[in-house]
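Engineer: sequence and predicted model, in that order:
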Amino acid sequence: MLDIGVVDSINQMIKVHGKGDKERLIPFGNRAKLWLEKYLKNRAVSFNSAWGKTPLFVNAKGGRILRLTVQRRIRNYIKIVADGKRLGPHILRHSFATHLMDKGADIRAVKDLLGHNSLSSTQVYTHVQPEKMKEIYKQAHPHGSK
């Protein structure tokens, strides 16, 4: 459940609470900022004008959107573009971590972004492609290019 008050639109960060009420900051990009501002403008509120506990996302009646509604909508959108049994918000989290790793992100940074306590939790999430592993080995190991 996100409130407008947890969004720092200037620094483009959202403060979220995960498992065990653990707090972390999640960055978001310019495109997300643009769409959030458009959405809020359509609701006749802004990041500056809203009370901190005002829900960020609301239903047609102006009430807070339920977590189950968000999960169901995401699952339905994913089913439009993918096949599988376990399609839901969690697969987006997994894809996020995998894309970061594939683009060379440090596993410790990915660990922090996902809110994991240990690197082993993050390693389970990410699957480094064999080609990427060979490339890393060739670049980083003293005998990799031999």
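Structural biologist: Received, thanks.

Engineer: can we go C-alpha only for contacts and neighbour counts from here?
Structural biologist: Noted.

Engineer: give me every residue that touches the spatially most central residue of the chain.
Structural biologist: In the chain, the residue lying closest to the centroid (CA atoms, centre = their mean) is residue 93, at 6.0 Å. Shown in contact with residue 93 (CA atoms under 8 Å, 6 or more residues apart in numbering): residue 114.

Engineer: now do residue 144
Structural biologist: By CA under 8 Å, 6+ apart, the contact list for residue 144 reads 137, 138.

Engineer: buried set for the host helix or strand of the residue nearest to the centre of the chain?
Structural biologist: Following DSSP states H and E, one finds residue 93 within helix 89-102. Buried residues in helix 89-102, counted by 16 or more other CA atoms under 10 Å: 94, 96, 97, 98, 101.

Engineer: just the closest of those residues to residue 122, please.
Structural biologist: Within those, the smallest distance to residue 122 is 8.2 Å, found for residue 97 (CA to CA).

Engineer: look up how far residue 79 lies from the closest one.
Structural biologist: Separation of residue 97 from residue 79 (CA to CA, to the nearest Å) stands at 20 Å.

Engineer: got it, and residue 61?
Structural biologist: 27 Å.

Engineer: quick check: angle from the helix or strand harbouring residue 139 to helix 89-102?
Structural biologist: Using DSSP H and E, residue 139 sits in helix 130-140. Interaxial angle, helix 130-140 versus helix 89-102 (axes from the mean of the first three to the mean of the last three CA atoms, to 10 degrees): 30 degrees.

Engineer: show residues contacting helix 130-140.
Structural biologist: With contact meaning CA under 8 Å, 6+ apart, helix 130-140 is reached by 102, 144, 145.

Engineer: quick one: low-confidence parts of this protein?
Structural biologist: Within the chain, the segments meeting pLDDT under 70 span 125-130, 133, 146.

Engineer: mark out where each domain of it begins and ends.
Structural biologist: With domains defined by automatic domain parsing, the chain comprises 1-58, 66-146.
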